[in-house]
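> below is the sequence, then the predicted model.
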Amino acid sequence: NAGVTQTPKFQVLKTGQSMTLQCAQDMNHEYMSWYRQDPGMGLRLIHYSVGAGITDQGEVPNGYNVSRSTTEDFPLRLLSAAPSQTSVYFCASSYRQVTSGNTIYFGEGSWLTVV
Amino acid sequence: LAKTTQPISMDSYEGQEVNITCSHNNIATNDYITWYQQFPSQGPRFIIQGYKTKVTNEVASLFIPADRKSSTLSLPRVSLSDTAVYYCLVGDKTGGFKTIFGAGTRLFVKA
């Protein structure tokens, strides 16, 4: 099983550039989300989706866009990169209902540096 | 989702038992309690989940008192490789779904 796959793993951007971080899951999970994690800090929720065609903002949505056209994919777009967006980005997915055994699965992370 | 409170950091020595307590005073009837572990440069991974009383797996135990307003993750005989950040999450995830992880507890295991 591939689980949650993120690409690219590493990226360097110049200030003002735009890019898309890709996330795909093969577990038929309804829920997908994006987090950022700055050095020594916890995870902060950027955007999330409870199903195809449905997205909503998390704690720190400014500067990012998302869309969910399919159940499998949940790309994160940086509109105009800023140095403050230098961080590690994690994509996650899970079933919508938390019942015994249903948990959140994370990708391996995408390291983004904005210079 | 129920707000959770956990210690920012803890230190331990190899071979000791470590207990990390999470407070969740406004836990709802349908909420589960789930703990995740995050190593440096990796995404969090599931450790254990419970609803009430005690749950044990090959990695840890989870103790939940009758009022469910707190829970304690117990790691038996920790090793250096247990150095990580541990997150406590509470919720049922139905309907609106906004999973906030917070800062977690940084456990540092010393030799």
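Everything's here; your move.
> CA only for contacts and neighbour counts going forward, please
Fine.
> how about the nearest residue to residue A:9, chain neighbours excluded?
Of all residues not flanking residue A:9 in the chain, residue A:110 sits nearest, at 4.3 Å (Cα to Cα, 6 or more residues apart in numbering or on different chains).
> nearest residue to the residue positioned nearest the centre of chain A other than its sequence neighbours?
Centre of chain A computed as the mean C-alpha position; nearest residue by Cα atoms, centre = their mean is residue A:34, 2.7 Å away. Residue nearest to residue A:34 in three dimensions, not counting chain neighbours: residue A:91, with 4.6 Å by Cα to Cα, 6+ apart.
> in chain B, what residue is nearest chain A?
The minimum distance from chain B to chain A, using Cα to the nearest Cα, falls at residue B:103 (4.1 Å).
> got a list of what that residue touches?
A:41-43, B:8, B:87 (Cα atoms under 8 Å, 6 or more residues apart in numbering or on different chains).
> quick check, residue A:56 in contact with residue A:45.
No - the pair residue A:56 and residue A:45 does not pass the contact test of Cα atoms under 8 Å, sitting 10.6 Å apart.
> ok, and what's touching stretch A:105-115?
Residues outside stretch A:105-115 that contact it (Cα under 8 Å, 6+ apart) are A:3-15, A:21, A:81-94, B:41-46.
> burial check on residue A:39, number of neighbours?
Summarising burial for residue A:39: neighbours were counted as other Cα atoms under 10 Å in any protein chain shown, giving 11.
> on that earlier part again, same for the strand or helix carrying the residue nearest to residue A:34, what does it pack against?
Of the helices and strands defined by DSSP states H and E, residue A:91 is found in strand A:87-94. With contacts defined as 3 or more Cα pairs under 8 Å, 6 or more residues apart in numbering or on different chains; DSSP states H and E, the secondary structure elements packing on strand A:87-94 are strand A:4-7, strand A:31-37, strand A:105-106, strand A:110-114.
> most tightly packed of those?
Highest mean neighbour count of the helices and strands packed on strand A:87-94: strand A:31-37, a mean of 26 (counted as mean count of other Cα atoms under 10 Å in any protein chain shown).
> how much space separates the residue nearest to the centre of chain A from residue B:63?
When distances are taken as Cα to Cα, to the nearest Å, residue A:34 and residue B:63 turn out to be 30 Å apart.
> residue B:56 now?
Relative to residue B:63, and taking Cα to Cα, residue B:56 is found at 9 Å.
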